[in-house]
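Trainee: Sequence first, then the predicted structure, then my questions.
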Amino acid sequence: MTRPLTLLTGLLLLSIASVLFAFSVGSYPLSIGQLWSSLQSPGNAVEDTIIWQLRAPRAFVAFVTGGLLSLAGALMQVLLRNPLADPYILGVSGGASVAALLSMSLGLGGAWLSGSAFVGALLSILLVFSLARGSGSWHPTRLLLTGVVIAAGWGAVINFILSISPEKPLRGMLFWLMGDISHAAPAITGLVVLLLVLLLTFLMARQLNILAQGELQASALGINVRPLRISLFLLASLLTAFAVVQAGSVGFIGLIVPHMIRLIAGSDHRLLLPASVLLGGSLLVISDTLARTLIAPQQLPVGVITAFIGVPFFLYLLNRNFAGQRMS
Amino acid sequence: MSLLQIENLQVSIGGRHVCNQLDMQVEPGQVWGILGRNGSGKTTLLHTLAGLRSADNGKIRLGTHDIEQLGRKQLAKKIGILLQQHEDAFPVSVMETVLSARHPHIAYWQWESSRDHEIAQRALRTVGLSGLANRQINQLSGGERQRVAIAGILTQDPELFLLDEPNSHLDLKHQIGLLQYLSAYARDNQRGMIMSLHDINLAARFCSHVLFLYGDGHTEQGPAEQLLTPDRLERLYDHPIKSSRSDNTTLFWPG
């Protein structure tokens, strides 16, 4: 088991490295030396513009989105006590996508697009919340089934919109659905939400460790399970809503990053939550940088790259862990 | 003053009566055994006493407090329950699991102190698992997992121990060793203990008092040596039971 401080320091260094990577790679490559002098003494107009107008905002959005999704994924997994849970499992992104696609088909963009996506996400959260609440009991299985069915419903509506929409907005719609950071405006609110929720959930982290041991055990150890579950649901959904509004439905990050941390460092949420944010942020910055450079000038949807990097990395960790178990 | 006072308690589950108008007192240092057939409501009664479900009627008082008036965390300092099923969703270590039982004693912004670690380590030594402290919980055998749970309730260190079949999955050595330790712990430290058991001989050996649940709301209670007689047990279990005395102890076996 890695020591917590070592892991967090390592992840912090990875985050910085990923951002430097994003700053230097592109159609106008910058060496580390150029990067350093531009950061030290701004003056060269071209390089400053490339770094601060183009690459920095995009890296910022990617990092925040990756952090939002990873934290949301970790929270959903403990809320539903299900390792397969991801930020989208309860239909938040479906609601956002339907609203976003509708506004795209009306030719709206920019603030209208993100605004309607956010409203769509909130509507979906409220819908799942009120349906799963029913009379009294708030059981994870019921919440999971309600969310999955609502998500499937949104999926059908998405397919319906795609099939009747004309050719022109279709490509934009598909990119948005696969997750795309190229058009995202840097939203400081996303960062604020991420930090606030991270702080709040960090304070609940010991309760989350116990909630993972089951509802009865959690109650027996002095936890008010119902309010804890409701706040987890609302916080995770809110994180997802902000991520989807910024970058569409970037897949894979929210599912896999928390598991990577669990494999490396165990399941203590006091370490898992901040570590997931750092790893998720770095991974999405690296993925997005590759997405815009691999077949430049063409851009790939970042969700494709996250899976390309994430799948082998995750399988490696999984294998290493199980090999270690056999030997011990 | 009694540690636990149960007044006029009525508990039912799914239309079946567990107890009607149960009055019972548990004094510090007493070890109670709950005996009854499958489905007679032993677990349900323990969950009710732990405040995990509510009674139909009646009062459960802990010292001077009604348990319904205590907050969850306050309650967890005073009452601990060893559950029959352990659900582990994610891989965590044995030590982390045991240490998490200190939760009710720690303010939510604080981390476990070195004293909490000591308490957890002592509990692990008691159940004979010091060597597995860093092992992942999902790699343990059923009996080892049960011993982790027992270490957990020792770490929680409540005033009232509720143990739902504490001997399940345990091998012979640990059944006797741990029940001996737990009952002596209750006597020496003035804690109350109520455990559900299926083994009459374990109840006779370790319990000072017993409570019979007949499964129809009817109950019987009293000192163990008075209630544990073949004819009463035959009625309780609906099965012939024989007994004999040797080495100053009475042994029971099904006929």
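Mentor: Nice, thanks for sending it over.
Trainee: At the contact with chain B, which residues of chain A appear?
Mentor: Counting by Cβ under 8 Å from any Cβ of the partner chain, chain A comes close to chain B at A:1, A:77-78, A:81-83, A:203-204, A:206-207, A:209-210, A:212-214, A:216-217, A:219-224, A:262, A:266-268, A:270, A:325, A:328. (Glycine included, C-beta is placed from N, CA and C.)
Trainee: Mind checking which of those residues are in strands?
Mentor: Here DSSP state E is the test, and these give no hits in strands at all.
Trainee: Tell me which residues touch whichever residue of chain A sits closest to chain B, please.
Mentor: Nearest to chain B in chain A, going by Cβ to the nearest Cβ, is A:G222, at a distance of 3.0 Å. Residues touching A:G222, when contacts are defined by Cβ atoms under 8 Å, 6 or more residues apart in numbering or on different chains, comprise B:R72, B:K73, B:Q74, B:L75, B:A76, B:K77, B:H103, B:P104.
Trainee: near chain A, from those residues?
Mentor: Checking the contacts of A:G222 against chain A by Cβ under 8 Å from any Cβ, the ones in range are B:R72, B:K73, B:Q74, B:L75, B:A76, B:K77, B:H103, B:P104.
Trainee: For the residues you listed, which entry has the maximal number of neighbours?
Mentor: Of all the ones next to chain A among the contacts of A:G222, the highest neighbour tally under other Cβ atoms under 10 Å in any protein chain shown goes to B:A76, namely 25 neighbours.
Trainee: And the pLDDT for that one?
Mentor: According to the prediction, B:A76 has pLDDT 96.
Trainee: what comes into contact with stretch B:7-14?
Mentor: By Cβ under 8 Å, 6+ apart, the residues outside stretch B:7-14 that reach it are B:17-24, B:41, B:44-45, B:48, B:55-61, B:217.
Trainee: Out of those residues, which end up buried?
Mentor: Buried residues within these, defined by neighbour count using 16 or more other Cβ atoms under 10 Å in any protein chain shown: B:17-20, B:22, B:24, B:41, B:44-45, B:48, B:55, B:58, B:60-61, B:217.
Trainee: how long is stretch B:78-89 from one end to the other?
Mentor: Here the two ends of stretch B:78-89 are set 27 Å apart, with distance taken as Cα to Cα, to the nearest Å.
Trainee: could you pull out the strands for the chain?
Mentor: This is for chain A. Assigned by DSSP E, the strands in chain A number zero.
Trainee: um, chain B though
Mentor: With DSSP E as the criterion, chain B has strands at B:4-13, B:16-26, B:31-36, B:57-62, B:65-66, B:79-82, B:160-164, B:192-196, B:209-213, B:219-223, B:241-246, B:249-254.
Trainee: burial measure for residue 10, as a count.
Mentor: Just so you know, I chose chain A. For A:G10, the number of neighbouring residues by other Cβ under 10 Å comes to 15.
Trainee: You answered for a different chain; I wanted chain B.
Mentor: Using other Cβ under 10 Å, B:Q10 is surrounded by 16 other residues.
Trainee: Next: A:S182.
Mentor: Using other Cβ under 10 Å as the criterion, A:S182 is surrounded by 15 other residues.
Trainee: ok so, going back, filter the ones next to chain A among the contacts of A:G222 down to just the ones in helices.
Mentor: Within the ones next to chain A among the contacts of A:G222, residues falling in helices by DSSP state H are B:R72, B:K73, B:Q74, B:L75, B:A76, B:K77.
Trainee: Verify the stated contact: A:L278 with A:G67.
Mentor: Yes: with contact taken as Cβ atoms under 8 Å, A:L278 and A:G67 are classed as touching, separated by 7.5 Å.
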